[in-house]
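K.L.:
Structure of the sequence below:
(one chain, ligands or ions: 1)
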Amino acid sequence: MEDAATGIAIRNVSHSYGPAGHGVLALDRISLDIGDCEFHCLLGPSGCGKSTLLYLLGGFIPVQSGQIVTPKGVVTGPGPDRSIVFQNFALFPWKTVRDNVLYGLKKAGFAADERARRAQEYIDLVHLTGFEDSYPSQLSGGMQQRAAIARTLAVDPRILLMDEPFGALDAQTRRVMQEELRAIWRRSRKTVVFVTHDVQEAVFLADRISIMSARPGRIEHIIDVDLPKDRGEEILEDSQFIQLSEQIWRLVREQAIAATRGAH
Ligand SMILES: Nc1ncnc2c1ncn2[C@@H]1O[C@H](COP(=O)(O)OP(=O)(O)OP(=O)(O)O)[C@@H](O)[C@H]1O
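P.N.:
The predicted model follows:
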């Protein structure tokens, strides 16, 4: 097997929780290649192992069988090349926006003068200019998530892992954040793996979408999202967007029905 990949190479990865031999099989021989700078969404029924796969990519839980390879080599644990954004923002409530971003930079080993410059650059990028000295509790949910994204992007990870990052936001804010994320991704050119339950969100954001089966999670379908690279709200009315969303919705629904029937 190779010891470096251009994007992310997931090779025959299985994962069980609980005691060996008696545990719950969460992922079953997942193989998937994600291209460099690709925006890849993972969709699938609840409990199919989307978060597990993301945590394995991040190195937050050890790979039990199979192999995950990135440009930095075989994943054996967390690394500065891979960062994660969670649904619940994960900001320090006692630190200001600036200090939250600076914390990430300090932890990643950036020099002091570089830290201040980068913190401001990424606060500006997510449109939080003017809120540098605000505490998370003084910000709306969307602003908190933008601060969390700034903290994650500032350390310039090559791979950005996102676990339903907009799941806690209201529909309107969520829509704005999707547009902003896609625009930021277009500028910053990173490989993104994004977990969501929301078919429209996946089609709006992704270059490709993996649809997973009910547990134990397998990759059932990989769909190319052949839509313009620059996407704004108008794309929601595009017939190709609507058709693709419906097609994917049907495929996800099949898996969700299989999950409720315990067919796997
Ligand atoms: N720490 C754990 N111990 C035991 N079982 C776990 C643990 N974490 C997850 N599981 C089980 O593994 C399976 C996959 O969980 P995971 O959270 O990865 O799924 P998911 O697709 O992200 O779910 P959801 O869409 O509901 O967030 C689930 O059946 C879950 O109950």
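K.L.:
So which helix or strand of this structure has the lowest pLDDT on average?
P.N.:
Confidence across the helices and strands of the chain bottoms out at helix 171-188, with a mean of 85, counting by mean pLDDT, DSSP states H and E.
K.L.:
residue ranges with poor pLDDT in this structure?
P.N.:
Scanning the chain for pLDDT under 70 picks out 1-2, 21, 89, 262-264.
K.L.:
longest helix of it?
P.N.:
helix 239-261 (DSSP state H).
K.L.:
Counting by contacts, list what that helix packs against.
P.N.:
Packing partners of helix 239-261 (3 or more CB pairs under 8 Å, 6 or more residues apart in numbering; DSSP states H and E): helix 199-205, strand 208-212, strand 219-224. Heads up, the C-betas are built off the backbone N, CA and C, glycines and all.
K.L.:
quick one: the residue nearest to S137 when sequence neighbours are not counted and G130, what's the gap?
P.N.:
Of all residues not flanking S137 in the chain, P93 sits nearest, at 6.2 Å (CB to CB, 6 or more residues apart in numbering). For P93, the distance to G130 (CB to CB, to the nearest Å) stands at 20 Å.
K.L.:
One more: I68?
P.N.:
40 Å.
K.L.:
Show me which of these two is the more surrounded one.
P.N.:
I68 (21 against 10; other CB atoms under 10 Å).
K.L.:
Output the contacting helices and strands for the helix or strand containing that one.
P.N.:
Using DSSP states H and E, I68 sits in strand 65-70. The helices and strands touching strand 65-70, judged by 3+ CB pairs under 8 Å, 6+ apart, are strand 8-17, strand 24-34.
K.L.:
could you give the angle of the longest one to strand 219-224?
P.N.:
This means strand 24-34. Angle of strand 24-34 versus strand 219-224, following axes from the mean of the first three to the mean of the last three CA atoms, to 10 degrees, is 30 degrees.
K.L.:
touching the ligand at all, the next helix or strand after strand 24-34?
P.N.:
Helices and strands here follow DSSP H and E; after strand 24-34, the next one along the chain is strand 39-43. No: shown here: strand 39-43 not in contact with the ligand (CB under 6 Å from any ligand atom), separated by at least 8.1 Å.
K.L.:
and the angle for the very next helix or strand once past strand 39-43 with strand 39-43?
P.N.:
Going down the chain from strand 39-43, the next helix or strand is helix 50-58, by DSSP H and E. Put simply, helix 50-58 runs at 140 degrees to strand 39-43, going by the same axes, to 10 degrees.
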